[in-house]
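A.B. asks: Predicted coordinates and the sequence they were generated for:
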Amino acid sequence: MVAFERFTLDNGLRVVVNTDTRTPLVAMAIAYDVGARDEEAAHSGFAHLFEHLMFGGSVNVPNFDTPMQRAGGSNNAFTCSDFTCYHCVMPAATVETAFWLESDRMLSLAFTPESLEVQRKVVVEEFKQTCLNEPYGDVSHLMLDLAYKIHPYRWPTIGIKPEHIEQATMPQVKAFFAKHYRPCNAVMALSGNITLEKARMLCLKWFAPIPGGVKPSRNLPAEPKQTEIRRLVVEREVPENALFMAFHMPGRFTAQFPVYDVASDLLANGRSSRLKERLVAKGKCFSMLEASVMGTVDPGLFEVYGQLLEGVTYQEAEAAIWQELQDLVNVGQPELEKVQNKYAATLRYDELSIKNRALQMAEYELYGGAEQLNEREAKQRAVTTGQVATVAKNALVPENACVLEYRAKAI
């Protein structure tokens, strides 16, 4: 259970505070409601570019990391399809430094040509390293483009191609910042040795003077229902043949999401899970095999992926997975309770970390309220074997599947 209080500044910045006096530290997370889904297809990768630009200097702070480190803090950030989050952990005695730094870059970035050029090169190099020069690095591009036809989830966070970032202009960058990086489009979460009163005082001092702006409207196209299996075969210079399968599923904040999450755990969470015990440990088809859910706000994907053992054909490997997906109709209560207990234990472990608490509070407050943090276990416990069977029968089926055969090129 994560106890918290909240308040909202006049400029729209929402703040949630979890006070924990057992630690000498404070974790801060600021989540902006902007991700890759808010980009245009011709200008992809902008949200990720801004993750880097926000460290390139702001109107009154030429270098973000130096004062943060001098105050004993550490910081980082991440971008996903739905939002962007900046987070740090500081000694409680110097936490005001974090408020100063974060407020200054929310107020305005420096927007120098030098900063843009440096971060542009960093992002392009990251694209080349992770997507072009790494084995299986283009899988996200291939699978998302196969699964989505009109929704902006069809490209990954890093963007469609590096040219979109290479060609980004200063006016485009400034417009993106002005639209999305405003107090009314953000949530701050604090966890650790800080009271609600001190958090309010520091927010009023550093963030209240920032103009709130207008929250951007979002009217994304709904992805049409898939009615037949989609297939793609590619050949790359990789160590092993691999198979990737994806199925459309509901978004993270729907009542159905926990059922799909449980199904993925039944399949591949731990060595005794179905896929790993039956298709990996016994050496039947795969050297590794995983299942996961995207966990996106809008309808996402249920994914199964693995590397084939030498001599195993794609037909054999895919048939084995289909058999396991169909066999989810036969899940028993003890097996279900095992994965539910494991999920509960994971939640407890995660809640020990003030950084995890801050990150999760920020995300959940952004999308409906931090109260959802404390409802996760109950929702997972409420999943029944019958619901898992229904997902297997209605969603994990060929007409809802996207299949990628990723073949190792003969050398």
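C.D. replies: Looks like it arrived, so ask away.

A.B. asks: Would you mind splitting the chain into its domains for me?
C.D. replies: Annotated domains of the chain cover 5-206, 230-408 [automatic domain parsing].

A.B. asks: Kindly present the ones you listed as TSV, with separate columns for distance to N219, mean pLDDT and mean neighbour count.
C.D. replies: Using the backbone N, CA and C atoms, a C-beta is placed for each residue, glycine as well. TSV is the format used below for these (distance: least, Cβ to Cβ, whole Å; pLDDT from 0 to 100; neighbours: other Cβ atoms under 10 Å):
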stretch	distance to N219	mean pLDDT	mean neighbour count
domain 5-206	11	95	19
domain 230-408	12	96	18
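
A.B. asks: Compare the ones you listed and give me the one nearest G212.
C.D. replies: domain 5-206 (3.3 Å; Cβ to Cβ).

A.B. asks: on that earlier part again, between the domains of the chain, which one is closest to P224.
C.D. replies: Closest approach to P224 among those (Cβ to Cβ): domain 5-206, 6.7 Å.

A.B. asks: How far does that closest one stretch from one end to the other?
C.D. replies: Using Cα to Cα, to the nearest Å, one end of domain 5-206 lies 20 Å from the other.

A.B. asks: Now do it: distance to the chain's middle.
C.D. replies: The chain centroid and the centroid of domain 5-206 are separated by 13 Å, computed with Cα atoms, centre = their mean, to the nearest Å.

A.B. asks: Name the surrounding residues that touch stretch 60-68.
C.D. replies: Applying Cβ atoms under 8 Å, 6 or more residues apart in numbering, the contact partners of stretch 60-68 are 54-58, 74-75, 88, 90, 97-98, 100-101, 104-105, 110.

A.B. asks: if you set the cut-off to 6 Å instead, what comes out?
C.D. replies: F55, N75, L101, D104 (Cβ atoms under 6 Å, 6 or more residues apart in numbering).

A.B. asks: ok, now stretch 141-155?
C.D. replies: Residues from elsewhere that reach stretch 141-155 (Cβ under 6 Å, 6+ apart): R37, S44, S81, P221, E223, R230, L232, F244, A246, L301, C402, L404.

A.B. asks: biggest helix in this protein, by residue count?
C.D. replies: Taking DSSP state H as the criterion, the chain has its longest helix at helix 333-350.

A.B. asks: helices or strands up against it?
C.D. replies: For helix 333-350, the packing partners by 3 or more Cβ pairs under 6 Å, 6 or more residues apart in numbering; DSSP states H and E come out as helix 376-381.

A.B. asks: What's the first helix or strand after the helix it packs on?
C.D. replies: helix 385-394 (DSSP states H and E).

A.B. asks: Who are the packing partners of the next helix or strand after that following helix?
C.D. replies: Per DSSP H and E, helix 385-394 leads on to strand 401-408 as the next helix or strand towards the C-terminus. When contacts are defined as 3+ Cβ pairs under 6 Å, 6+ apart, strand 401-408 packs onto helix 139-147, strand 230-236, strand 242-249.

A.B. asks: Nearest to N394, out of those?
C.D. replies: Of all the helices and strands packed on strand 401-408, strand 242-249 comes closest under Cβ to Cβ, at 10.3 Å.

A.B. asks: partners of that closest one, with directions?
C.D. replies: Partners of strand 242-249 in the sheet, by DSSP bridges, are strand 300-308 (antiparallel), strand 401-408 (antiparallel).

A.B. asks: circling back to that earlier point, in a markdown table: the helices and strands packed on strand 401-408, plus distance to Y181.
C.D. replies: Converted to a markdown table, the helices and strands packed on strand 401-408 look like this (distance: least, Cβ to Cβ, whole Å):
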| stretch | distance to Y181 |
| --- | --- |
| helix 139-147 | 25 |
| strand 230-236 | 37 |
| strand 242-249 | 31 |
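
A.B. asks: Figure out which of these is closest to P211.
C.D. replies: Of the helices and strands packed on strand 401-408, nearest to P211 by Cβ to Cβ is helix 139-147, at 35.8 Å.

A.B. asks: quick check: angle from that closest one to strand 242-249?
C.D. replies: Relative orientation of helix 139-147 versus strand 242-249 (axes from the mean of the first three to the mean of the last three Cα atoms, to 10 degrees): 50 degrees.

A.B. asks: just use 4 as the starting number from now, easier for me
C.D. replies: Yep, numbering from 4; the last one is helix 142-150 now.

A.B. asks: With just CA atoms, put helix 142-150 into CSV.
C.D. replies: Listed next in CSV are the C-alpha coordinates belonging to helix 142-150 (Å, rounded to 0.1, in the frame of the first residue of the first chain):
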residue,chain,number,x,y,z
VAL,A,142,12.1,-6.1,-34.7
SER,A,143,10.1,-3.3,-33.1
HIS,A,144,9.9,-1.4,-36.4
LEU,A,145,8.8,-4.5,-38.3
MET,A,146,6.3,-5.8,-35.8
LEU,A,147,4.6,-2.5,-35.0
ASP,A,148,4.3,-1.7,-38.7
LEU,A,149,2.8,-5.1,-39.2
ALA,A,150,0.3,-4.8,-36.4
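
A.B. asks: of the helices and strands packed on strand 404-411, which approaches V5 most closely?
C.D. replies: Closest of the helices and strands packed on strand 404-411 to V5 is strand 245-252, at 26.5 Å (criterion: Cβ to Cβ).
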